[in-house]
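Participant: below: sequence and its predicted model.
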Amino acid sequence: MTDVSVIVPVYNGEKTIKACIDSLLSQTLPGLEIIVVNDGSTDGTAQILAEYGDKIAVFSQENAGQGSARNAGLRNAHGEYVGFADADDTCEKEMFGKMLARAKESGAEVVQCGIRDIFEDGKENVRASFDENIEISDRAEYIFNCFYKLKHTNEVCNKLIKKSFLNETGLLFGDSKKFFSEDFKFNMDMLLYLKKISFVSGVYYNYNIKSSGYCRADETQLSRIPKIKRAFSDALEKDFDENSKKALICVGALTLLNYCAFALRVPGNESFVSDFLDDKDFRKYVSVSMLYKSNLMHFALYFLMLYAPKKIRLKLLKKHFVFDK
């Protein structure tokens, strides 16, 4: 058994997949298993993958989405630990060596490193992690203090996960056609089982924003909002304790408000967003979030999002909820 398998789903990635694979082949960790799942690409991706020969393992399937491709990779992974990379991103050469050393030293089921966001205009934003081992004894506290506050990030590409943990829990990625951001949903589902996580401060993953073939032209902000809500509805049906559900609802309220604010940047979306603010489940999320661990400013803002006239609610969204990714 190899130490680490890295799974790379790719759809029409001919412009970026080579840089991604080359960054994995340059890793200081010896014996890395690189699994690339070609998810029905129609461009030159397959030809590029063939050039690597036996340096990588390639599996092909009809286009079924990033979640399905990652699951296919998991089925074929032989590593004691698994990591993930997106076809348009790159990894620093010491990433998996550093994370594996921390995983074995700490005994954690999951290790997370920092991310460098690279935007289309060339600007960068570093989301540094921090050095800490956390044993999760109070799930609600962890969800609120780490997941809600984005210390535990929504991505899987900056994580190394023990494969036996995935096998024992049955964790898999959701259907990309049903849920938006299947890695966000995967992280939510993982919170039900996670007992120990280790954070390393190194920034080892380079995340290129909006360049993937998976960023479909027909996936508008408006189509994403109900798919995000569906992900939270699904997570809340799982066997979380009541306080953990409240903490997750806080994540749901904030996430949906951010996406509504993002949608308002496109002219003509005001009517949809205005109607969504009256959605029964969404209002429940905001109501719970208003009362759970809120300070006065937080309480007042959420109260207004529930009861102010629609025009004022839209103005509040534009001013107070910012989503730059």
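Facilitator: Received, thanks. Numbers count the residues shown, from 1 in each chain.

Participant: where does pLDDT dip in this structure?
Facilitator: In the predicted model of the chain, residues 1, 211-221, 322-325 satisfy pLDDT under 70.

Participant: rerun that using 90 as the cut-off
Facilitator: By pLDDT under 90, the weakly predicted segments of the chain are 1, 120-122, 128-130, 175-182, 209-224, 262, 265-267, 294, 318-325.

Participant: which one's the longest helix in it?
Facilitator: Across the chain, the longest stretch assigned as helix under DSSP state H is helix 242-263.

Participant: so which elements touch that one?
Facilitator: helix 139-142, helix 221-236, helix 270-276, helix 280-291, helix 310-320 (3 or more CB pairs under 8 Å, 6 or more residues apart in numbering; DSSP states H and E). For the C-beta atoms, the positions are set from N, CA and C on the backbone; glycine is no exception.

Participant: just the angle for it relative to helix 280-291, thanks.
Facilitator: Calculated by axes from the mean of the first three to the mean of the last three CA atoms, to 10 degrees, helix 242-263 forms an angle of 110 degrees with helix 280-291.

Participant: helix 242-263 vs helix 310-320, what angle?
Facilitator: Using the same axes, to 10 degrees: helix 242-263 against helix 310-320 is 90 degrees.

Participant: how near is Lys310 to Ser223?
Facilitator: Computed as CB to CB, to the nearest Å, the Lys310 to Ser223 distance reads 22 Å.

Participant: domain-wise, how is the chain divided?
Facilitator: Using automatic domain parsing, the domain parsing of the chain gives 4-208, 221-320.

Participant: in JSON lines: these, plus mean neighbour count.
Facilitator: Converted to JSON lines, those look like this (neighbours: other CB atoms under 10 Å):
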{"stretch": "domain 4-208", "mean neighbour count": "19"}
{"stretch": "domain 221-320", "mean neighbour count": "17"}
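
Participant: chain center to the longest strand anywhere in the chain, what's the gap?
Facilitator: Longest strand in the chain, counting residues (DSSP state E): strand 196-208. Strand 196-208 sits 13 Å away from the centroid of its parent chain (CA atoms, centre = their mean, to the nearest Å).

Participant: name the surrounding residues that touch stretch 182-195.
Facilitator: 65-67, 70, 84, 109-110, 135-136, 139, 142-143, 147, 152-157, 165, 169, 171-176, 179, 231-232, 234-235, 238-240, 244, 248, 251 (CB atoms under 8 Å, 6 or more residues apart in numbering).

Participant: restricted to strands, list the residues you listed.
Facilitator: Using DSSP E, these in strands are 84, 110, 135.

Participant: the helices in the stretch 1-150 of the chain, which residues?
Facilitator: 17-25, 45-50, 66-75, 95-106, 139-142 (DSSP state H, counting those that start in this stretch).

Participant: now Ser176. Its backbone dihedrals?
Facilitator: When quoted as degrees, to the nearest 10, the phi and psi of Ser176 stand at phi -60, psi -20.

Participant: isn't it up against Ser68?
Facilitator: Yes. Judged on CB atoms under 8 Å, Ser176 makes contact with Ser68 at a distance of 7.0 Å.

Participant: what's the closest non-adjacent residue to Leu317?
Facilitator: With sequence-adjacent residues excluded and distances taken as CB to CB, 6 or more residues apart in numbering, Leu317 is closest to Ala261, at 4.5 Å.

Participant: look up how far Leu301 lies from the one you found.
Facilitator: From Ala261 to Leu301 the distance is 12 Å (CB to CB).

Participant: what do you get for Ile134?
Facilitator: 29 Å.

Participant: cool, and Val266?
Facilitator: For Val266, the distance to Leu301 - CB to CB - is 23 Å.

Participant: show me what contacts the residue nearest the centre of the chain?
Facilitator: Centroid-nearest residue in the chain: Glu155, 2.8 Å away (criterion: CA atoms, centre = their mean). With contact set as CB under 8 Å, 6+ apart, Glu155 has these partners: 115, 183-184, 187, 207.

Participant: got the angle for the longest helix of the chain vs helix 221-236?
Facilitator: Going by the same axes, to 10 degrees, helix 242-263 makes 180 degrees with helix 221-236.

Participant: how about the contacts made by the spatially closest residue to Lys227 that is not a sequence neighbour?
Facilitator: Ranked by CB to CB, 6+ apart and with sequence neighbours excluded, the top spatial neighbour of Lys227 is Phe180, at 3.8 Å. With CB under 8 Å, 6+ apart as the criterion, the residues that contact Phe180 are 219, 223-224, 227-228, 231.

Participant: any chance of those residues in TSV, with distance to Phe321 too?
Facilitator: Converted to TSV, the contacts of Phe180 look like this (distance: CB to CB, whole Å):
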residue	distance to Phe321
Glu219	20
Ser223	19
Arg224	15
Lys227	19
Ile228	14
Ala231	19
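
Participant: just to revisit the earlier point, of the contacts of Glu155, closest to Met297?
Facilitator: Nearest to Met297 among the contacts of Glu155, counting by CB to CB, is Phe184 at 26.3 Å.
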